Structure formats: C-alpha cells, structure tokens
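Colleague: Everything below, folded, please.
(2 chains)
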Amino acid sequence: MSFIIDGMHPFDVGMLLDARGIAVRTGHHCTQPLMKRFGIEGTVRASFAIYNTLEEVSIFAESLKQIVEKWR
Amino acid sequence: MAVETHVPPPVDQIQEEIIDEFSYLGDDKESTIYYIMELGQKLSALDETYKIDNNIIKGCQSKVWLTAELHGDRIIFNADSNTEITKGLISLLIRVLSGQAIENILNAQLYFIEKIGMGQIIGSQRSNGLTAMIKQMKLYALAYKSKLN
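Modeller: Below you'll find the predicted structure:
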C-alpha cells in the first residue's frame, strides 16, 4: 500500500513510523517515471506479508493517525 | 536573503547549549525526531533562486541546498531542504557554524552530534548525509580561505 500524507514528506513519515518500530519503505521505489507523472517526490509504502498479523495492521493504522495529528 | 550581522558565541559554547537542550528529550526517539522537525520549521526558507543544482549537497538522500557568503572573515551559511528532518539537521549545523570565522569553521570538532546520540536517532544513511553537509561547509571555508590568502 503506497501513500502520501499532505504536508509531510515521505521520508519524515517513515522516520516517525520507524521510531515506533514500524518498518515501511519510503522514496520512489524505482518508479521515477510514475512519480514524475504524479508530480511527487516519493511515497510511503507499507507492505503486508503472510507473517503480519491483523493486530500489527491496526497498530500501523493507529500510529500513522497519531503521527499525522501530532505534527499538525 | 536575511543576513546575520551579529557575532555568534564560540562554536563549543553553542554545542554545549544543543547538548543541554537535547538532554531534556531523554531516550524518546519519537520526541527527538519531532523536535528536529520543529527546528527545521524555524529555519528561514531559502529563496527559490538559490535552490539550484549547484547548491545541492551531494551525498544526501534528501535534497539539501546550501549557500555560503563571506562577510569579512566570517561565513554566513543558509540552507533549505525538501524534508523537515533534514532541515532540522542542517539548522543545527548552521546554528553552530554560521557567522563563525573561517579558521574556527575549519577547526571545529562537532562533538555534539555524537553526544546527543544522533547516529541512533537518524540511522546510518542520514548520518552519511549529515557528514556530507559538514564536509560541504568546511569545503566552503577552505575555498574562502584560499581566496583571501
């Protein structure tokens, strides 16, 4: 799941999630032409795999919400 | 561009102030990151005309533009970045080094970075970027020194 947050750079969002132990990828993910097409510098990407639990997904969603609210 | 005319305190005094400020944040990584981002917001934005490739610091994952102007024997640094954390990091370097005499910039041992545990906070990639910023500032000092001599 690739996304951007208005007013926050993907790198900053990634660092703040990392501080909570949540690992995401940030940047252009080797899709520079696509990023250029959208006019953005990159995205945050959370990848869900077979070993992730629903609880982890909820923690990620809640953390992201809190991080954005705290910054605004 | 705003030009600082005041003479800043000595490099090490500013470093001690920063160490003191960061000590209040303790080991809370998230609060430290927010604090760095807030510092970044306080950095006055660089005029768009200075955001050119020539002013970009190579070695940074984020975009960082740095300018250096000579005022007597002192250098005024200004910078900007596309991410708040990087802006915060360069704002710390500007706080320590901008307005200092060329010799003091060249001789500065920036121990505050290690003392505040920046490596653990920002990780190895950003630490490399921070090193690139310091290197670029010192290179400017060296270039102005040879120009003056």
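
Colleague: Nearest spatial neighbour of residue A:25, chain-adjacent residues omitted?
Modeller: Nearest residue to residue A:25 in three dimensions, chain neighbours excluded: residue A:45, at 4.6 Å (C-beta to C-beta, 6 or more residues apart in numbering or on different chains). Backbone N, C-alpha and C define where each C-beta goes, glycine included.

Colleague: With residue B:41 instead?
Modeller: Spatial nearest neighbour of residue B:41, excluding adjacent residues (C-beta to C-beta, 6+ apart): residue B:84 at 6.5 Å.

Colleague: Quick check, the one you found in contact with residue A:12.
Modeller: Yes: assessed by C-beta atoms under 8 Å, residue B:84 is found in contact with residue A:12 at 5.1 Å.

Colleague: Can you pick out the residue with more neighbours from those two?
Modeller: residue A:12 (28 against 25; other C-beta atoms under 10 Å in any protein chain shown).

Colleague: how about that one, secondary structure?
Modeller: helix (DSSP: H, G, I helix; E, B strand; the rest coil).

Colleague: thinking again about what came up before, got a list of what the residue nearest to residue B:41 touches?
Modeller: A:8, A:9, A:12, B:36, B:37, B:40, B:41 (C-beta atoms under 8 Å, 6 or more residues apart in numbering or on different chains).

Colleague: Just among these, which is most surrounded?
Modeller: Among these, the one with the most neighbours (other C-beta under 10 Å) is residue A:12, at 28 neighbours.

Colleague: Tell me, what's the model's pLDDT at it?
Modeller: You'll see residue A:12 listed with a pLDDT of 94.

Colleague: any idea how far it is from chain B?
Modeller: From residue A:12 across to chain B, the span is 5 Å (C-beta to the nearest C-beta, to the nearest Å).

Colleague: Tell me who's in contact with that residue.
Modeller: Taking C-beta under 8 Å, 6+ apart as the test, what residue A:12 contacts is B:37, B:83, B:84, B:85.

Colleague: Please tell me I have it right and the first one contacts residue B:91.
Modeller: Read that as residue B:37. No: if you go by C-beta under 8 Å, residue B:37 and residue B:91 don't touch, sitting 10.3 Å apart.

Colleague: Please point out which parts of the longest helix along chain A sit buried.
Modeller: The residue-count maximum for a helix in chain A (DSSP state H) belongs to helix A:54-71. Using 16 or more other C-beta atoms under 10 Å in any protein chain shown as the test for burial, helix A:54-71 gives A:60, A:63, A:64, A:67, A:71.

Colleague: residues touching the second one, list them.
Modeller: Looking back up the chat, that one is residue A:63. The neighbours of residue A:63, taking C-beta under 8 Å, 6+ apart as the test, are A:17, A:20, A:22.

Colleague: for residue A:57, same thing?
Modeller: Counting by C-beta under 8 Å, 6+ apart, residue A:57 has contacts residue A:48.

Colleague: Distance-wise, check it relative to residue A:3.
Modeller: With distances taken as C-beta to C-beta, to the nearest Å, residue A:57 is found 14 Å from residue A:3.

Colleague: what does residue A:29 give?
Modeller: 12 Å.

Colleague: Quickly list what's touching both of those two.
Modeller: Common neighbours of residue A:29 and residue A:3, counting by C-beta under 8 Å, 6+ apart, are A:43, A:45.
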